[in-house]
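Visitor: okay, here's the prediction I keep looking at, along with the sequence it came from:
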Amino acid sequence: MKRLLSALSICTVLVTTGAALAENPMVGGAAMYADKNIVENAMNSKDHTTLVAAVKAAGLVETLQGAGPFTVFAPTNEAFAALPAGTVDTLLKPENKDQLTKVLTCHVIGAKAMAADVAKMVKDDGGMHKVKTVGGCELTLKADGGKVTVTDENGNVANVTIADVAQSNGVIHVVDKVLLPKM
């Protein structure tokens, strides 16, 4: 009887763990774990190596490993590559740390907002919802037909390509453009 109960307990843990993993989408070819923080998961995504390098250069690793909650609109490597030539290299220089920090914190909201939350806020606000980032930028969120877009202060529109990547300290939404503060 003890063996049967032990086997059932192990099966329950495996099924529960499998179900939890199935709920989180893969990002950059890597599994994303809801019990890991934003930095731990982002470091495993081959599509976010530029973002991870930028977070390290800006000194934001400890912050994004903190309790949160955070919503991070995480630009892909392709999004960074689409910036004007030399922009990323310039931002990564130590003398530009403040500017890099501003750009990165304009991708972070100090709350956990899943796609359903965003859709509700947008609907409640008549088609768009403005939100302040931890960097002081104002983003405009829109949701239409199950797709979420994020518009920065300069009118650049980023599409959420992978939504609801749950983290232990918030959520990541993968975006296809880098959001920029008004300069």
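Guide: The structure has been received and is ready for your questions. Numbering: from 1, shown residues only.
Visitor: now Ala57: closest residue in space that isn't a chain neighbour?
Guide: Distances taken as CB to CB, 6 or more residues apart in numbering place Leu92 nearest to Ala57, at 5.0 Å, with adjacent residues excluded. Using the backbone N, CA and C atoms, a C-beta is placed for each residue, glycine as well.
Visitor: again, but for Ala115
Guide: Ala163 (4.1 Å).
Visitor: average pLDDT for the helix or strand where the one you found lies?
Guide: If you go by DSSP states H and E, Ala163 is part of strand 157-167. For strand 157-167, mean pLDDT is 93.
Visitor: give me the neighbour count for Trp98.
Guide: Rather than Trp, residue 98 is Asp. Neighbourhood size, Asp98 [other CB atoms under 10 Å]: 9.
Visitor: check the gap between it and Leu91 for me.
Guide: To Leu91, Asp98 is 10 Å away according to CB to CB, to the nearest Å.
Visitor: likewise for Asn41?
Guide: For Asn41 relative to Leu91 (CB to CB), the value is 23 Å.
Visitor: of these two, which one has the most company?
Guide: Higher neighbour count among Asn41 and Leu91: Asn41, with 25 against 21, using other CB under 10 Å.
Visitor: my read: that one touches Gly28, true?
Guide: No. Judged on CB atoms under 8 Å, Asn41 makes no contact with Gly28 at a distance of 9.6 Å.
Visitor: which ones are touching the residue nearest to Ala115?
Guide: Contact partners of Ala163, counting by CB atoms under 8 Å, 6 or more residues apart in numbering, are Met114, Ala115, Val148, His173, Val174.
Visitor: now do Gly170
Guide: By CB under 8 Å, 6+ apart, the neighbours of Gly170 are Ile38, Gly68, Pro69, Phe70, Thr71, Val72, Lys112.
Visitor: please repeat the previous calculation with a cut-off of 10 Å.
Guide: 37-38, 64, 66-72, 108-114 (CB atoms under 10 Å, 6 or more residues apart in numbering).
Visitor: what pairs with it across the strands?
Guide: Here Gly170 sits in beta bridges with Phe70, Gln167, as judged by DSSP bridges.
Visitor: distance of it relative to Lys36?
Guide: On the measure of CB to CB, Gly170 and Lys36 end up 11 Å apart.
Visitor: mind listing the helices for the chain?
Guide: Along the chain, counting by DSSP state H, helices occupy 2-23, 38-42, 49-58, 61-64, 77-81, 87-91, 97-105, 115-124.
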